[in-house]
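S.K.: okay, here's the prediction I keep looking at, along with the sequence it came from:
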Amino acid sequence: MATGKGVVQGYTAVAAVDARAQIIVDAQAHGTGTEQVLPLPVVAALAPHAIATTVITADAGYHSEANLRALAAQGRPALIADNGMRARDERFATQARHQQGPQPAGRQVADAGAPAAVPAPGLRLRSRRAHLRVPRGKVTLSKGKNLVIRGYRGTQFRGAKRGCVPCTHRARCLRTPDRTATRQVMFFDGPAPGRPESYTRQMQRRIDAAEGRAQYGRRFATVEPVFANLRHNKGLARFTLRGRAKVDGQWTLFCLVHNIEKLAHAGYAA
């Protein structure tokens, strides 16, 4: 399992929580290093409890094209974040200042290199994409328009060596200026003609909409306090047993204690 302190041997504990009363509706423990294989078993367990207005929300650890495809096939309304969701949300524009350290290995984006000092959105498109303006000079069109990469249509720009190699701003424009000769940029216009929109792109549109943001925003206040209660108040900082069956039993027992406490505070004890 990837954690904030490196890769360790352990178990993944999953809890599906009701947004109204913070009751744990389903709890499972799995001996797997990735969370991407876990949503579908949990969704299947939740099926008897779902109603017409039930919306499943989950963080980026559960996001994959295969999971979104399966949920769509089952007709399960869901909002599952992708790794780029916060970068698209202006409300998180200042999130970098609050980060205490690097992300766990399992939550890192595919490109873990240092970002370029001059990101692609900061470049200037000029003359109907005839060329791009960069801090010093221009990046000229190299491979033409309407290129199709992984089913998406775009336009690629590449700098000429005569302009990029001697440029004094290479460190601002390239991630690895010592190994990369010229800057290359790809701008995507959308899916290629005839290609259906991916489930990931459909999810991005839903979760970026005002209603989607409002619904997904309740996820954090719903499930994270439950894990905080189990970890800090109930003392489950780590599992003390071995074997999935025993760990699953320990996790379920702690979740039952949480539910009993919630029901008692709601007056069911009387």
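M.R.: Alright, I've got the coordinates.
S.K.: burial count for residue 194?
M.R.: Residues within reach of residue 194, counting by other CB atoms under 10 Å, total 6. Every C-beta, even on glycine, is put in place using the N, C-alpha and C of the backbone.
S.K.: okay, now the domains of this protein?
M.R.: 2-107+197-265, 120-191 (automatic domain parsing).
S.K.: can you lay out those domains as a markdown table showing mean neighbour count and mean pLDDT?
M.R.: Formatted as a markdown table, the entries for the domains of the chain read as follows, by neighbours: other CB atoms under 10 Å; pLDDT from 0 to 100:
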| stretch | mean neighbour count | mean pLDDT |
| --- | --- | --- |
| domain 2-107+197-265 | 15 | 90 |
| domain 120-191 | 15 | 72 |
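S.K.: how about residues contacting stretch 74-93?
M.R.: 39, 43, 50, 54-60, 62-63, 67-68, 71, 95, 107, 109, 200, 203-204, 206-208, 212-213, 215-216, 219 (CB atoms under 8 Å, 6 or more residues apart in numbering).
S.K.: mind checking which of these are in helices?
M.R.: 39, 43, 67-68, 71, 200, 203-204, 206-208, 212-213, 215-216, 219 (DSSP state H).
S.K.: for residue 171, state which of those is nearest.
M.R.: When those are ranked by distance to residue 171 (CB to CB), residue 204 comes first, at 32.5 Å.
S.K.: what distance separates stretch 32-46 from the middle of the whole chain?
M.R.: Averaged C-alpha coordinates place stretch 32-46 at 15 Å from its chain's average position (CA atoms, centre = their mean, to the nearest Å).
S.K.: now do the SS call for residue 185.
M.R.: Here residue 185 takes the strand state, with states given by DSSP: H, G, I helix; E, B strand; the rest coil.
S.K.: who does the nearest residue to it once chain neighbours are set aside bridge with?
M.R.: Closest residue in space to residue 185, ignoring its immediate chain neighbours: residue 157 at 4.7 Å, by CB to CB, 6 or more residues apart in numbering. For residue 157, the beta-bridge partners under DSSP bridges are residue 141, residue 185.
S.K.: residue 157 contacts residue 184, correct?
M.R.: Yes - with the criterion set as CB atoms under 8 Å, residue 157 and residue 184 qualify as a contacting pair; they are 6.9 Å apart.
S.K.: nearest residue to residue 198 other than its sequence neighbours?
M.R.: Of all residues beyond its chain neighbours, the one nearest residue 198 is residue 65 (6.4 Å), with distances taken as CB to CB, 6+ apart.
S.K.: next up, the contacts around that neighbour.
M.R.: Each residue near residue 65 by CB under 8 Å, 6+ apart is listed here: 198-200.
S.K.: want to try JSON lines for the residues you listed, with distance to residue 8 as columns?
M.R.: Formatted as JSON lines, the contacts of residue 65 follow (distance: CB to CB, whole Å):
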{"residue": "198", "distance to residue 8": "33"}
{"residue": "199", "distance to residue 8": "32"}
{"residue": "200", "distance to residue 8": "29"}
